[in-house]
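J.: Can you look at this prediction? I've put the sequence above it.
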Amino acid sequence: MRDPRISAIGKGLRRRGRLMAQAVSPPRRTLDAMPAPRQPADGYMAPPAQRLVESPVFVLSSVRSGSTLLRVLLNSHSRIRAPHEMHLRTLHVHLSREFTGDAMQALDLDKDELEHVLWDRVLHLELERSGKDVIVDKTPPNTLMWPRLHRCWPSARYILLLRHPGAVIASLTDRRDAPDHEAIRAEVLDYAEKLEEARLGLDAHVITYEELTAEPEKTTRGVCDYLGVPWESAMLEYGSKDHGTYRPQLGDWSSTIKSGRVQPARTADPMAELPSRLAELARAWGYPDGAPPR
């Protein structure tokens, strides 16, 4: 039979060993267990840091508005780098400890400005790798947060690419399985409202998808004038250039784009009725009576 005194001594030694181990090496805390960063009580906003890319170019457009076509035309220029959709707005900085914000504030930085510095570095890295001197980001969701872009880059330039809202609705409806028509109209309206804000609030160069497909040379000449670069005929031969990865979420790689030629714009159903606000915006953008282009 085991001596109970020996058993008690063993338990004591094991407990003492655990306590000593905890004293020497405290348990690690996972990132999820870290306390949320403390927000500065004074609402501190960092001043803008110096930018490596002073005047990037952003294409503001709705989804399904021809932004991939415009991007491959621009990317075919010897001085313009227009990569795939970069989704900067989903690239975040995480301040994982409660004192990290204080440490950054002492360096004249906050979370937003740290993200701005990161976004700027990504654009600069891509521009340096390309050997070109103008960079264009054409990610459509940038349209929904253009004021943040404008705060990050006060000298940024903008190309507004408009398309008739009825044609955008038709394109989204055809693209989706079991489309939710109400949700599609709401999505198109969200983009249209932000585009109208940008059109009224920014000194932007405005073009339409219908113009781009009907008169690609004239339209791209206007874009080049705005960007301060000479027009190049190679832009219209974009199929002979390498434009990077063909993947979902990085652009629209339909057979139309892959053809390597500018194709006529698809029009909306002339009998389809637009919600009143979308019809109002279509008229403001130059579509007569809000009707789809023929």
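T.: Here it is on my side, so go on.
J.: Please enumerate the strands of this protein.
T.: 57-61, 80-81, 134-137, 157-162, 205-208 (DSSP state E).
J.: now the fourth one: how far from the chain's centre is it?
T.: Taking C-alpha atoms, centre = their mean, to the nearest Å, one finds strand 157-162 lying 14 Å from the centre of the chain it belongs to.
J.: Which elements pack onto it?
T.: Other helices and strands packing on strand 157-162, by 3 or more C-beta pairs under 8 Å, 6 or more residues apart in numbering; DSSP states H and E, are strand 57-61, helix 67-75, helix 181-201, strand 205-208, helix 209-214, helix 216-227. Heads up, the C-betas are built off the backbone N, CA and C, glycines and all.
J.: what mean pLDDT does it have?
T.: For strand 157-162, mean pLDDT is 98.
J.: Note down every partner strand of that strand and its orientation.
T.: Here strand 157-162 is paired, per DSSP bridges, with strand 57-61 (parallel), strand 205-208 (parallel).
J.: what does the second one give?
T.: Using DSSP bridges, the strands paired with strand 80-81 are strand 134-137 (parallel).
J.: The partner strand - what's its average pLDDT?
T.: If you average the pLDDT values across strand 134-137, you get 98.
J.: Identify, out of the strands of the chain, the most deeply packed stretch.
T.: strand 57-61 (a mean of 26; mean count of other C-beta atoms under 10 Å).
J.: and the angle from it to helix 181-201?
T.: Orientation check (axes from the mean of the first three to the mean of the last three C-alpha atoms, to 10 degrees): strand 57-61 against helix 181-201 gives 140 degrees.
J.: ok, residues contacting strand 57-61?
T.: Under the criterion C-beta atoms under 8 Å, 6 or more residues apart in numbering, residues 67, 70-71, 134-138, 140, 142-143, 146, 149, 156-163, 191, 194-195, 198, 204, 227 lie in contact with strand 57-61.
J.: got the angle for it vs helix 67-75?
T.: 160 degrees.
J.: Nearest residue to the middle of the protein?
T.: Geometric centre of the chain, nearest residue: residue 87, 3.4 Å, by C-alpha atoms, centre = their mean.
J.: How much space separates the nearest residue to that residue once chain neighbours are set aside from residue 105?
T.: Distances taken as C-beta to C-beta, 6 or more residues apart in numbering place residue 139 nearest to residue 87, at 5.5 Å, with adjacent residues excluded. Applying C-beta to C-beta, to the nearest Å, the value for residue 139 to residue 105 is 30 Å.
J.: Comparing the two, which shows the higher neighbour count?
T.: Relative neighbour count places residue 139 above the other of residue 139 and residue 105, with 23 against 14, counting by other C-beta atoms under 10 Å.
J.: From what I see, that one and residue 82 are in contact.
T.: No: between residue 139 and residue 82 there is no contact under C-beta atoms under 8 Å: 11.0 Å.
J.: which regions of the chain sit below the pLDDT cut-off?
T.: Across the chain, residues meeting the criterion (pLDDT under 70) sit at 1-42, 240, 242-261, 268-271, 289-294.
J.: how about the helices in this protein?
T.: Along the chain, counting by DSSP state H, helices occupy 4-24, 67-75, 100-105, 111-130, 146-152, 165-175, 181-201, 209-214, 216-227, 255-258, 276-284.
J.: Deepest in the core, which of the ones you listed is it.
T.: Per residue and on average, the most neighbours among these fall to helix 67-75, with a mean of 24 (mean count of other C-beta under 10 Å).
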